[in-house]
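S.K.: from the sequence below, what's the structure:
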Amino acid sequence: MNDSFDQHPAPSLRHRPARDSEAGRRQLDVERQTGRARPRAAAGKLTAQIVGAGWNNFGRLARRRLDCQMPRLTVSTVMARSPTTPVLFDRALLKQRQARARKLGPVTFLLERVAEDLSERLQAVNRKFADAADIWTPGGLLRGLIAERFKSVTRVDLASESETLPLQPESVDLAVSALAFQFVNDLPGVLAQIRRALRPDGLLLAAMVGGDSLTELRQAFAEAEAECEGGVSPRVAPFADLHDVGALLQRAGYALPVTDVDPLVVRYDTAFALMADLRRMGATNVMIERRRTPTRIATMLRMSEFYAQRFSDPDGRVRATFDIIWLSGWAPHESQPKPLKPGSAKVSLEEAVKRGRK
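M.R.: Numbers count the residues shown, from 1 in each chain. Alright, predicted model coming up:
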C-alpha cells in the first residue's frame, strides 16, 4: 500500500449493526477524536472516541473522523517460486512493518470486519471441519474467533522470504486467510500449495484487499509527484481484480470456485489520517521498486491538496476505498455437484422459458 505516519491505536469494533433485510447493508460510523475510547451502540451505529494523534513530520495533533459505510455482500517443500514469477513485494520488510504496527498499537477495524465476516461465512457452510490452517493472517484475531470450532488450528506465520507453506499434502480440511494474499508475489503458486494441502472436499476461504482499493491515494500521489518531482514512483501496490482471482482458483484446480467483493468506503479528516492508519495496519509500502529516499514535504502537502480537491465530501472529509475480495474453492470430491455434459439436456431452454411464462 502506501507510506504512512505515526498515530495512536484505532478503536476496537466489537459491535456491528444488523443488516437491512432488503440489501443486506451494514452501516458503521466511527468518530476519532481526542479523548478516551468510549464505544457506544445506538440506532444501528457504533461511535467510539479515541486518542487522536499527529503527523510526526508536522508535529501537530490531527483530529480525525472516520465513517465506514459497508455495502453487502509444506505441501511439497520442493515447490518453489517459478524463476519467471515477478517479485513485487519485499516480504522481509513486510514482516518488519507488521511487527512495528503491533508495537505502535495496531489499527484493526478492517481486520475485525473481515474476521467476523469469515466466521459468519463458515457458519453457513453445511460441513464439519476437523483440522484448519490459518495462513498469514496478521495478529491472532482470526484464530481467536475460529479456534474453538476445530480439533486443531495450524497457524502459518509470515516468513521473511519464502512463500512455501509448511503443510503436508491432504493434511487439513479448511484453509483460511484474512488480508494477507494481497502481499503475495506468487499467488497462483500459493493457491496451488493450499489446494494440495486440502483433503478431498476441503475448503479454502480467504479475503484479500483488491480491486480499486486506495485508488484515491494512488491518484493523488501520482499527480503530486508529477508536478513537484517530475516523475512518479510506486506508492500503492497493484491489486488483483475480482475476475482474475476467480480464474486463478480454476487454474489451481479448485472445484466450485466463488469470488465476490465487499466494497468499503472509509472517510477521514485528511489523507494523512488515512496514511497513519495504514502504518498501524502494517500495510505501508513494501514494493521492491519503492522509493528509498524520504518524500519532500512539499510533495506530501500537494498530495493532500489533490486528495481533498478530488475525493472530499461536502462536509470536507475525504474518502478512501477498500475493496475486500472474497475467494473460496473446494478440493474436488465425488460427492460435489458436477455440471452436466454438453448436449445432455432433455428440455430446450426455449421450451423451459415458454413453460415458465404460462
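S.K.: from here on, just use CA atoms for contacts and neighbour counts.
M.R.: OK.
S.K.: which residues in the stretch 201-350 of the chain form strands?
M.R.: Per DSSP state E, counting those that start in this stretch, the stretch 201-350 of the chain carries strands over the ranges 255-268, 318-330.
S.K.: quick one: which of the ones you listed is nearest residue 206?
M.R.: Checking the strands of the stretch 201-350 of the chain against residue 206 by Cα to Cα gives strand 318-330 as the closest, at 5.4 Å.
S.K.: what angle separates that closest one from strand 255-268?
M.R.: Between strand 318-330 and strand 255-268, the angle comes out at 170 degrees (axes from the mean of the first three to the mean of the last three Cα atoms, to 10 degrees).
S.K.: avg pLDDT for strand 318-330?
M.R.: What strand 318-330 shows for mean pLDDT is 97.
S.K.: just the C-alpha atoms of that strand, please, in CSV.
M.R.: Output of strand 318-330 as CSV, limited to C-alpha atoms (Å, rounded to 0.1, in the frame of the first residue of the first chain):
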residue,chain,number,x,y,z
VAL,A,318,-12.1,12.6,2.3
ARG,A,319,-12.9,9.1,1.1
ALA,A,320,-10.7,6.0,0.9
THR,A,321,-11.8,2.9,-0.9
PHE,A,322,-11.1,-0.6,0.3
ASP,A,323,-12.4,-3.4,-1.9
ILE,A,324,-12.3,-6.7,0.0
ILE,A,325,-12.2,-9.7,-2.4
TRP,A,326,-13.5,-12.9,-1.0
LEU,A,327,-12.5,-16.2,-2.6
SER,A,328,-13.5,-19.7,-1.9
GLY,A,329,-12.9,-23.1,-3.5
TRP,A,330,-13.1,-26.8,-2.7
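S.K.: now do that strand: distance to the chain's middle.
M.R.: Strand 318-330 has its average C-alpha position 6 Å from the chain's average C-alpha position, going by Cα atoms, centre = their mean, to the nearest Å.
S.K.: what's the answer for stretch 222-230, then?
M.R.: Worked out by Cα atoms, centre = their mean, stretch 222-230 lies 28 Å from the chain centre.
S.K.: ditto for stretch 93-109
M.R.: Relative to the centre of its chain, stretch 93-109 is centred 15 Å away, using Cα atoms, centre = their mean.
S.K.: buried stuff in it?
M.R.: If you call a residue buried by 16 or more other Cα atoms under 10 Å, then stretch 93-109 has these buried ones: 93-95, 97-102, 104, 106-109.
S.K.: how about the helices in this protein?
M.R.: 91-104, 109-123, 141-146, 187-197, 215-228, 242-251, 271-280, 297-311, 349-357 (DSSP state H).
S.K.: got these as TSV, with distance to residue 333 and mean pLDDT columns?
M.R.: Converted to TSV, these look like this (distance: least, Cα to Cα, whole Å; pLDDT from 0 to 100):
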stretch	distance to residue 333	mean pLDDT
helix 91-104	35	94
helix 109-123	19	93
helix 141-146	24	76
helix 187-197	12	96
helix 215-228	40	95
helix 242-251	15	95
helix 271-280	41	96
helix 297-311	48	96
helix 349-357	29	78
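S.K.: go through those helices and name the closest to residue 171.
M.R.: Of those, nearest to residue 171 by Cα to Cα is helix 187-197, at 5.5 Å.
S.K.: right, I'll call it a day here.
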